[in-house]
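Enquirer: build me a model:
(chains A and B)
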Amino acid sequence: MLKIENLHVRVEGKDILKGINLEINAGEVHAIMGPNGSGKSTLSYILAGREGYEITQGSISFHGKDLLEMSVEERAWAGVFLAFQYPVEVPGVSNIYMLKAALNGIRKHKGEPELDAMDFIASVKGKMKDLDMDEKFLYRAVNEGFSGGEKKRNEILQMSVLEPTLCVLDETDSGLDIDALKIVSDGINRLRDPARAFVLVTHYQRLLDYIKPDFVHVLANGKIVKSGGAELALELEDQGYSWLEDKKAS
Amino acid sequence: MSVTHLPNTHYAGLLATATTSKIEAEADWLTSLRERAAAEFNVAGFPSPRDEEWRYTNISAIEKSQFSLSEKTAEVDQALLDEALLEGCYHLVFVDGYYQPKHSSLAGLADAVTVLPLSEVFTGSKEQQDLFKSLLDSVIEEHAQGFINFNTALFSDGALVCISENTVVDKPIQLAFISSQDGALKLSNCRNLIYAMASSKATVFETYTGVADSCYLTNVVTEVVVEPNANLTHSRLQAESLKAYHIGGVYTRLENNAIFQQNNYTFGAVLSRAEIHANLSEASDCTLDGLYIGCDHQHMDNHTRVHHNQPHAVSNEFYKGVMDDKARGVFQGRIVVAEDAQKTDATMNNRNLLLSERAEIDTKPQLEIYADDVKCAHGVTVGQLDDTAIFYLRSRGADEQMAENMLTFAFANEMVERISFKPLRFKVLDELLKRFPQAGMKKEWL
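Expert: Next comes the predicted model:
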């Protein structure tokens, strides 16, 4: 589904990613772990198409197409979804309106008809219930005045409504207490599907206690320095990331 | 401050020869007042951009267009009426500057409330005539402004609204001004007098609409008096044809402890100016809200003036503007705090969004403070859309145009959401949505 080859990225003259290679197939869950400043969030933003990054080398293909040639919205239409580390507040635009606009944008692109308003609301309300979100959030401005945990749930709600094929979750566990973490993880697990892949970008192991990854990659200093199975995350939990620093120094 | 400016001979000629616009059975005192106004107009004419108060707004197109006085229309297109009239209101309808009884409706209005077209004042009771005389020209502080003199000399009709003491009006009163002219270059002058007596409460709307794409001039003046402890909400919606010219003013006197809320929505006209003036007495409370949305070559000038004359008064002013294409928005807001107006609490905010490199905003807040124990704050911003929010919306599947429209709409909608009376809120929303056709916005989703 997703193939990243020798990706080099520069931001404001500084090399952030220095040759990333990663292949992700449908149905898989990949965790990308690493210390702060390792380039994890940059990789997330690159996948979503944010401006301000200079790609100096390498390629990304998504379902066989050149992802880097696609605009932000084209990626969304093609099935890429980024759950933001810091979801953006959009004053004045209600959650329900944004969800509907987003979903209809995607459906329109697929040649599907617009959804019936009543069916749509009923379906969204059901998903909110699963995420233990109050219905009043539907009519509030997107993320405005939401607590950290509410914002993260809102990202998962959007993801479950838009049903992307590639879900990139950037530090989704940060700011969640244990209850909220379970609810959000359940929400993500419900979306697991043979046709869908997940990239969990996270600093800590704790999200992976609830969402078992198939692969774990350690990103440090702009490169994937180690890949393995779920057990690698536990190893990192025990040892921290300092061994990477030692390795770098030696 | 005024600058001598030779009057346009066409309009001076209109003043000299106009007879059609006079009110039936007009009293001598009114004729004298008109003559005085005409004489002042003949000296100063319309304002010139050399006048500091008009430096951003050049009205020479009005002079060149040589509008002639409109005449009373017998039949009004039903579609124009349907578009203009708000549900759940009392209606007083004026078409091309003349009262239309057939389309007006005051059924159920309490006796304690007077709502009367000026054209019927002199055939009405002596009390009504006295009321009219006492209110007319009683609030405007400055006679030198040419459009006011022009209006005083020529007004053909308008509304007299008086709410008796301790009376609450059950529904809003809508004064609907409709232009039915289509390409005839006509002008209309209406004058409105609104008087909220002590401890009364009322809501009055003025709406301005016209035949799409027709060129005409509306020149309107509204004078408002809010007596002690009275509470008046006054909203004006200017949704004229995009080729029309609109010059309007609301001049208000707030007496002690009076509450006045003015909302000013500007969507129409190729060139418009709204003057909103308020004179505040002790412990009065004045709110001025405004929204102006311009595209193409529209020019929208909002000119507000709040005078704190006595202590303990509060004023809050919040204007938002969005300019696209080659549109130009002007906000000149002045707050004057007199020496005696201690404990004044005044704020003024003007926020603008520029959507095009060729659009322009001229914003000029002015604070003149002569008292020493006051709280005054003002803030002005002119900005563009937030890139992070655009990225966020696009990452969810909204295309770039839609994301921009959603954010622009959201910026403006903050003012719309403040409107508590639903039919007006939906009407203003409709006008706003018209400006963003690509966004596919639907109000049922808001």
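Enquirer: show me the contacts for the residue in chain A positioned nearest to chain B.
Expert: Closest contact between chain A and chain B, by Cβ to the nearest Cβ, is at A:Gly92 (2.6 Å). Just so you know, the C-beta spots here come from the backbone N, C-alpha and C atoms, and that holds for glycine as well. Applying Cβ atoms under 8 Å, 6 or more residues apart in numbering or on different chains to A:Gly92 gives the contacts A:Ala141, B:Leu407, B:Phe409, B:Ala410, B:Phe411, B:Asn413, B:Glu414.
Enquirer: just the ones of those in helices?
Expert: Under the assignment DSSP state H, the contacts of A:Gly92 contribute B:Leu407, B:Phe409, B:Ala410, B:Phe411, B:Asn413, B:Glu414 to helices.
Enquirer: could you look up the SS state of the nearest residue to the fourth one once chain neighbours are set aside?
Expert: Using Cβ to Cβ, 6 or more residues apart in numbering or on different chains and skipping residues adjacent in sequence, the residue nearest B:Phe411 is B:Leu353, 5.3 Å away. What DSSP: H, G, I helix; E, B strand; the rest coil gives for B:Leu353 is strand.
Enquirer: please report how far B:Leu353 lies from B:Ala239.
Expert: According to Cβ to Cβ, to the nearest Å, B:Leu353 stands 20 Å off from B:Ala239.
Enquirer: sorry, back to before: can you select the buried ones from the contacts of A:Gly92 in ChimeraX?
Expert: To isolate the buried ones among these in ChimeraX, judged by 16 or more other Cβ atoms under 10 Å in any protein chain shown, type:
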select /A:141 /B:407,409,410,411,413
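Enquirer: residue 75 sits in which helix or strand?
Expert: The chain I'm using is chain A. A:Arg75 belongs to helix A:72-78 when elements are defined using DSSP states H and E.
Enquirer: actually, chain B is the one I wanted.
Expert: Secondary structure from DSSP H and E places B:Glu75 outside every helix and strand.
Enquirer: quick revisit: downstream of the helix holding A:Arg75, the next helix or strand is which one?
Expert: Immediately after helix A:72-78, counting by DSSP H and E, sits strand A:80-83.
Enquirer: and that following strand, what does it pack onto?
Expert: Helices and strands in packing contact with strand A:80-83 are listed as helix A:40-48, helix A:148-162, strand A:166-170; criterion 3 or more Cβ pairs under 8 Å, 6 or more residues apart in numbering or on different chains; DSSP states H and E.
Enquirer: output the last one as CSV, restricted to C-alpha atoms.
Expert: The reference is to strand A:166-170. Taking Å, rounded to 0.1, in the frame of the first residue of the first chain, the C-alpha atoms of strand A:166-170 are listed here in CSV:
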residue,chain,number,x,y,z
LEU,A,166,-4.0,4.7,5.7
CYS,A,167,-4.3,6.0,9.2
VAL,A,168,-1.3,7.9,10.5
LEU,A,169,-1.6,8.7,14.2
ASP,A,170,0.8,11.3,15.5
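Enquirer: neighbouring strands of it in the sheet, and parallel or not?
Expert: If you go by DSSP bridges, strand A:166-170 pairs up with strand A:80-83 (parallel), strand A:197-202 (parallel).
Enquirer: if you compare those strands, which one is most tucked away?
Expert: strand A:80-83 (a mean of 26; mean count of other Cβ atoms under 10 Å in any protein chain shown).
Enquirer: who in the stretch 301-446 of chain B is up against chain A?
Expert: B:387-389, B:391-400, B:402, B:406-407, B:409-411, B:413-414, B:440, B:444-446 (Cβ under 8 Å from any Cβ of the partner chain).
Enquirer: now a PyMOL select for only the buried ones of those residues.
Expert: Per 16+ other Cβ under 10 Å, the buried members of those correspond to this PyMOL selection:
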select buried, chain B and resi 389+391+392+393+394+395+396+397+398+399+402+406+407+409+410+411+413+440+445+446
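Enquirer: picking that back up, highest mean neighbour count out of the helices and strands packed on strand A:80-83?
Expert: Neighbour counts (mean count of other Cβ under 10 Å) averaged over each of the helices and strands packed on strand A:80-83 peak at strand A:166-170, with a mean of 25.
Enquirer: and the angle for that one with helix A:40-48?
Expert: 150 degrees (axes from the mean of the first three to the mean of the last three Cα atoms, to 10 degrees).
Enquirer: give me the next element, helix or strand, following strand A:166-170.
Expert: Past strand A:166-170, the next helix or strand by DSSP H and E is helix A:178-190.
Enquirer: next, B:Thr31: secondary structure please.
Expert: Of the three states, B:Thr31 takes helix under three-state DSSP.
Enquirer: just give the closest residue to it, not the sequence neighbours.
Expert: Distance criterion Cβ to Cβ, 6+ apart; nearest residue to B:Thr31, sequence neighbours excluded, is B:Lys22 at 7.8 Å.
Enquirer: I'd like to know how far that neighbour sits from B:Leu15.
Expert: For B:Lys22, the distance to B:Leu15 (Cβ to Cβ) stands at 12 Å.
Enquirer: for B:Thr363, same thing?
Expert: The gap separating B:Thr363 from B:Leu15 is 35 Å, by Cβ to Cβ.
Enquirer: let me know the helix or strand that A:Thr56 is in.
Expert: Counting by DSSP H and E, the element that carries A:Thr56 is strand A:54-62.
Enquirer: and the pLDDT at the residue nearest to B:Phe411?
Expert: On the pLDDT scale, B:Leu353 is placed at 96.
Enquirer: one more: B:Val3?
Expert: 50.
Enquirer: just B:Ser134 next, same as before
Expert: 97.
Enquirer: related to what we said a few turns ago, what is the nearest of the ones in helices among the contacts of A:Gly92 to chain A?
Expert: Using Cβ to the nearest Cβ, B:Ala410 is the member of these that lies nearest chain A, at 2.6 Å.
Enquirer: what's the nearest residue to that closest one if we skip its chain neighbours?
Expert: A:Gly92 (2.6 Å).
Enquirer: part of a helix, is the one you found?
Expert: No: read with three-state DSSP, A:Gly92 is strand and lies in no helix.
Enquirer: without its sequence neighbours, what residue ends up closest to whatever residue of the stretch 51-200 of chain B ends up closest to chain A?
Expert: As assessed by Cβ to the nearest Cβ, chain A sits closest to B:Glu87 within the stretch 51-200 of chain B, at 23.2 Å. In space, and not counting its chain neighbours, B:Glu87 is closest to B:Pro423: 4.5 Å by Cβ to Cβ, 6+ apart.
Enquirer: ditto for B:Ala341
Expert: Leaving aside its sequence neighbours, B:Ala341 sits nearest to B:His308 (Cβ to Cβ, 6+ apart; 4.0 Å).
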